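Trainee: Quick check, what structure comes out for this input:
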Amino acid sequence: MSDQKAEKQNLSTKQEKALLALLSEPTIATAAKKVGITERTLYRWLAEPCFKEVYHDACRSLVQQTMSQLQIASTSALSVTLSIMNNANEKSNIRLIAAKTVLDGAMKVLEIRGLEEKITFLEMAVEQMKK
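Mentor: Sure thing, here's the model as predicted:
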């Protein structure tokens with residue numbers, strides 16, 4: 001969450017702390033306790049449009065950062081998997097697991113691409129129907 005966004009939404013210092021706690025604590029109860037407020041107060045804040053908007057923006061940002069880290073790590077993971085798969089000195093069952101992992105990943109990519117194409121087609125069809 002950016003400080004500018006919090007200021008823009010006129011959040012109190014406690015609300016800003018609550019947002020950070022919501023992002024770092026496993027439950028609403030522990031987040032409220034960490035900030036020194038009741039669960040009821042935190043639930044009430046979560047129902048307020050301004051607080052809710054900033055919270056959802058922060059969640060989206062956190063997910064995007066996580067996805068970026070996963071994309072970076074996936075390159076290393078694939079390199080390790082390929083090196084195991086191609087290592088003739090490795091046990092055959094280990095090489096087989098590595099090969100299956102690569103093939104499973106490739107199949108998922110194909111599935112996702114197919115779904116993206118279908119969604120794009122359906123979105124275009126809906127737009128055509130609106131005209």
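
Trainee: residue ranges for the helices of the chain, please.
Mentor: 3-8, 13-24, 28-35, 39-47, 49-86, 92-130 (DSSP state H).

Trainee: Give me the buried positions along the fifth one.
Mentor: Buried residues in helix 49-86, defined by neighbour count with 16 or more other Cβ atoms under 10 Å: 51, 54-55, 58, 81, 84-85. The way it works is simple: take the backbone N, C-alpha and C, and place the C-beta from them, glycine included.

Trainee: will you turn those into CSV that also has pLDDT and distance to Glu16?
Mentor: Formatted as CSV, those follow (pLDDT from 0 to 100; distance: Cβ to Cβ, whole Å):
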residue, pLDDT, distance to Glu16
Phe51, 95, 10
Val54, 95, 9
Tyr55, 95, 11
Ala58, 94, 10
Thr81, 92, 42
Ile84, 94, 46
Met85, 93, 48
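
Trainee: Dump those residues into TSV; add distance to Leu96 as well.
Mentor: Below are the buried residues of helix 49-86 laid out as TSV (distance: Cβ to Cβ, whole Å):
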residue	distance to Leu96
Phe51	52
Val54	49
Tyr55	46
Ala58	43
Thr81	12
Ile84	10
Met85	9
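
Trainee: Of these, just say which sits nearest to Lys108.
Mentor: Thr81 (14.1 Å; Cβ to Cβ).

Trainee: Would you confirm that that closest one contacts Lys100?
Mentor: No: counting by Cβ atoms under 8 Å, Thr81 stays clear of Lys100, with 9.9 Å between them.

Trainee: Poorly predicted segments of the chain, please.
Mentor: 1-9 (pLDDT under 70).

Trainee: Distance-wise, check Leu23 relative to Lys52.
Mentor: 14 Å (Cβ to Cβ, to the nearest Å).

Trainee: what's the answer for Lys34, then?
Mentor: For Lys34, the distance to Lys52 (Cβ to Cβ) stands at 19 Å.

Trainee: Spatially central residue in this protein, please.
Mentor: Val63 (3.0 Å; Cα atoms, centre = their mean).
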